[in-house]
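**Student:** show me how the following folds:
(one chain, ligands or ions: 3)
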Amino acid sequence: MSKNTVVVGCQWGDEGKGKIVDLLAAQADVIARFQGGANAGHTIHVDNIKYVLHLIPSGIIQPGKVCLIGNGVVLDPINFKEELDVLTSQGIDYSGRLFVSPASNLVLPYHKLIDAVEEENRGTGSIGTTKRGIGPAYVDKVARHGIRVADLFAPERLRKRLDYQRVIKSRYLEGSTDERADLDRTYQMLLEMAEILRPMVVDVSLYLHRAHRQKKAILYEGAQGCLLDVDLGTYPFATSSNTTTGGALTGLGIGPKMIDEVVGVVKAYTTRVGAGPFPTELVDDSGEEIRRLGDEYGATTGRPRRCGWLDLVALRHAVRINGVDSIAITKLDVLDNQAEIKVCTHYELDGETIDQVPLDLARLVHVKPVYKALPGWQADTTGVTAFEDLPPKAKEYLNYIAGDLEVAIRLVSTGAKREETIMV
Ligand code: GDP
Ligand code: IMO
Ligand code: MG
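**Tutor:** Ligands and ions are numbered 1, 2, ... in the order given. From the prediction side, this is the model:
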């Protein structure tokens, strides 16, 4: 394994990043989350226990590994505390190995209220957000009136900054009977949370630089996926952070030379939760079948995920934007019983056949996918752990994808459990 590896999602999230990060974390010393917040839902299955991480890096399940939450993450203290409690109840000891950047912006109850109101206001154009307050928290960060972890330890400053919210958010907060609009209550909650967070605050950038100098292996964990990136995804049907490799640099305060390899996680088909263009979506029974076989329901919201075939055009975009060196292909087993598997190789748009996404990604709603049909393997691949043990047609499918994308296959996942994996 390369020493310092970025793991990013190459589709619309839920590619199986949690499982991949957990696996790669075994060979790492430090795991750092660089963006997003509790909108993420990263599932890991070990020894018949299911862990779902939202804010805390997926490396936490591996004993003794140091986990960092970077400045690019928006941290919801209430969700954070809940997640810590769940980890404790599941027997995970995080003490002394979980750290948070003082520059992380907080997601507060009023952000969730605003997220819900804004979704309502968008009407038929709603994004289908996770309602975790992510967008409004990043808006505050960029507008420079966000509240950061460091503010928790300066109560007067915290009070002032909260009082200012009353002014700038009056149209949401004034006269509201929703308890999430109650800033005094939020202030009290934050004073309590400050004590939980205090021992966890470190200079994440400096920590990583020192770890790097000591030749430790660092794993940079992305959330969401390339097509949800706020700049390079299917805007406005996107999340509010940079989910791509560049986000690791700004979200942790590191330079590019601290990265040796970028692993893109690619689900063997495509899913999307929430609204927005999805060229290869299957709106018939076959989409339903993939949803059932893949158990495609959101790990954060429980919403059914939209399902469709693999989209190589979109993946070419993801590989380029992230600088993907190698891919981890997940959920191969879900395609086991398909007689034929389709792969979108091109789009048709305005009478032309194109092999790259259109300049304006909003035009993805107008593209017609052009498919290549590959024969299915119709054999059980669940739990296969060696590439040579895969059915020949499954190998063909994987090699076809890697060949088109000009990347190496680093890992193939053949089941949700940690050991159901082929390390190539
Ligand atoms: P993430 O957000 O990218 O971490 O992915 P999620 O956890 O939201 O969704 C992936 C789902 O697929 C989870 O329920 C995983 O347990 C499951 N999963 C991961 N890899 C595999 C696999 O290879 N096969 C199957 N059947 N399930 C998998
Ligand atoms: P992981 O890390 C899948 C989607 C939401 C919505 C859009 C904006 O588990 O892959 P937001 O709440 O971020 O403002 O919602 O982004 N979304 C995800 N979809 N996986 C995720 O995370 C997601 N995080 C956000 O469904 O369409
Ligand atoms: Mg997920």
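**Student:** could you use CA atoms for every contact and neighbour count after this?
**Tutor:** OK.
**Student:** helix or strand right after the longest strand belonging to the chain?
**Tutor:** Looking only at the chain and at elements set by DSSP state E, the strand with the highest residue count is strand 340-349. On the C-terminal side of strand 340-349, the nearest following helix or strand under DSSP states H and E is strand 352-354.
**Student:** which elements pack onto that following strand?
**Tutor:** strand 340-349 (3 or more C-alpha pairs under 8 Å, 6 or more residues apart in numbering; DSSP states H and E).
**Student:** so which bits of the strand it packs on are buried?
**Tutor:** 341, 342, 343, 344, 345, 346, 347, 349 (16 or more other C-alpha atoms under 10 Å).
**Student:** same question, stretch 9-27
**Tutor:** Result for stretch 9-27 [16+ other C-alpha under 10 Å]: buried residues 9-25, 27.
**Student:** how about low-confidence regions in the stretch 1-150 of the chain?
**Tutor:** Where the stretch 1-150 of the chain drops to pLDDT under 70, the residues are 1-2.
**Student:** mind listing the helices for it?
**Tutor:** Secondary structure of the stretch 1-150 of the chain by DSSP state H, counting those that start in this stretch: the helices cover 17-25, 77-89, 109-122, 134-143.
**Student:** winner for burial among those helices?
**Tutor:** helix 17-25 (a mean of 25; mean count of other C-alpha atoms under 10 Å).
**Student:** so which of the helices of the stretch 1-150 of the chain is nearest residue 276?
**Tutor:** Checking these against residue 276 by C-alpha to C-alpha gives helix 109-122 as the closest, at 13.3 Å.
**Student:** first-to-last residue distance for stretch 89-100?
**Tutor:** 21 Å (C-alpha to C-alpha, to the nearest Å).
**Student:** can you list the residues of the stretch 151-300 of the chain near ligand 1?
**Tutor:** When proximity is defined as C-alpha under 6 Å from any ligand atom, the stretch 151-300 of the chain approaches ligand 1 at 294, 299.
**Student:** pull the contacting residues for the closest residue to ligand 3 within the stretch 151-300 of the chain.
**Tutor:** Distance from ligand 3 to each residue of the stretch 151-300 of the chain (C-alpha to the ion) is smallest for residue 299, at 5.5 Å. Shown in contact with residue 299 (C-alpha atoms under 8 Å, 6 or more residues apart in numbering): 40, 41, 42, 43, 52.
**Student:** so it: helix, strand or coil?
**Tutor:** coil (DSSP: H, G, I helix; E, B strand; the rest coil).
**Student:** show the pLDDT at it.
**Tutor:** We have a pLDDT of 81 for residue 299.
**Student:** try residue 230
**Tutor:** So, for residue 230, pLDDT stands at 98.
**Student:** that one touches residue 238, doesn't it?
**Tutor:** Yes - because the distance of 5.7 Å satisfies C-alpha atoms under 8 Å, residue 230 is recorded as touching residue 238.
**Student:** more neighbours: which of these two?
**Tutor:** residue 238 (27 against 18; other C-alpha atoms under 10 Å).
**Student:** roughly how far does the more buried one sit from residue 214?
**Tutor:** On the measure of C-alpha to C-alpha, residue 238 and residue 214 end up 37 Å apart.
**Student:** also residue 423?
**Tutor:** 27 Å.
**Student:** what does residue 240 give?
**Tutor:** In terms of C-alpha to C-alpha, residue 240 sits 34 Å off from residue 214.
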